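Colleague: Generate a structure from the sequence data that follows.
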Amino acid sequence: MSRGHGRLTVFKVGTSDISQYCDTSEWTDDSDVHDTTGYGASGHGYDPGLADGKVTVGGTYDTTALTGPRAVLVPALRTKVLVTRQPEGTGTGKPQDKATCVLKSYVETAPVADYTKWTAEFTIDGVTDRTPQT
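Modeller: The predicted structure is shown next:
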């Protein structure tokens, strides 16, 4: 069995590669589910609905980087941006997830006894393009 290592993940917002500032990311594809159960049924019936999803990413805050997550993400708040995640790194035929997303939130957390951390959450607009890299 072949395994992928998370350290190879590439994460881009628009044309900005912020991978070096990230230590976690998650891509969630979801959908609405409609209950179609009628009277007399002994179990629920369901139909699929519209696609939905979100992308979360986070890492350790970098105070010296002018192109780091704060510089890239804060101006993009409440706008649509292209988000690309390549879980096995870059290379022809390797998987990637791409979608136009709304940047819903950017959060910085500063604990007294640790490094400042940041997280961002995107809402997928439409559907995820899972076409392998070319």
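Colleague: Might you list the low-confidence residue ranges for the chain?
Modeller: Residue ranges of the chain with pLDDT under 70: 1.
Colleague: residue ranges of the strands in it, please?
Modeller: 10-13, 16-17, 24-35, 46-60, 80-86, 97-109, 117-124 (DSSP state E).
Colleague: Turn these into a markdown table, columns for distance to V74.
Modeller: C-beta here means a position set from N, CA and C on the backbone, and glycine is covered the same way. Formatted as a markdown table, these follow (distance: least, C-beta to C-beta, whole Å):
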| stretch | distance to V74 |
| --- | --- |
| strand 10-13 | 11 |
| strand 16-17 | 12 |
| strand 24-35 | 18 |
| strand 46-60 | 14 |
| strand 80-86 | 12 |
| strand 97-109 | 6 |
| strand 117-124 | 10 |
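Colleague: for these, which one sits closest to V72?
Modeller: strand 16-17 (4.6 Å; C-beta to C-beta).
Colleague: Would you point out which residue is most central in this protein?
Modeller: In the chain, the residue lying closest to the centroid (C-alpha atoms, centre = their mean) is V55, at 2.3 Å.
Colleague: Spatially nearest residue to it, not counting backbone neighbours?
Modeller: Sequence neighbours aside, F122 is the residue nearest to V55 in space, at 4.2 Å (criterion: C-beta to C-beta, 6 or more residues apart in numbering).
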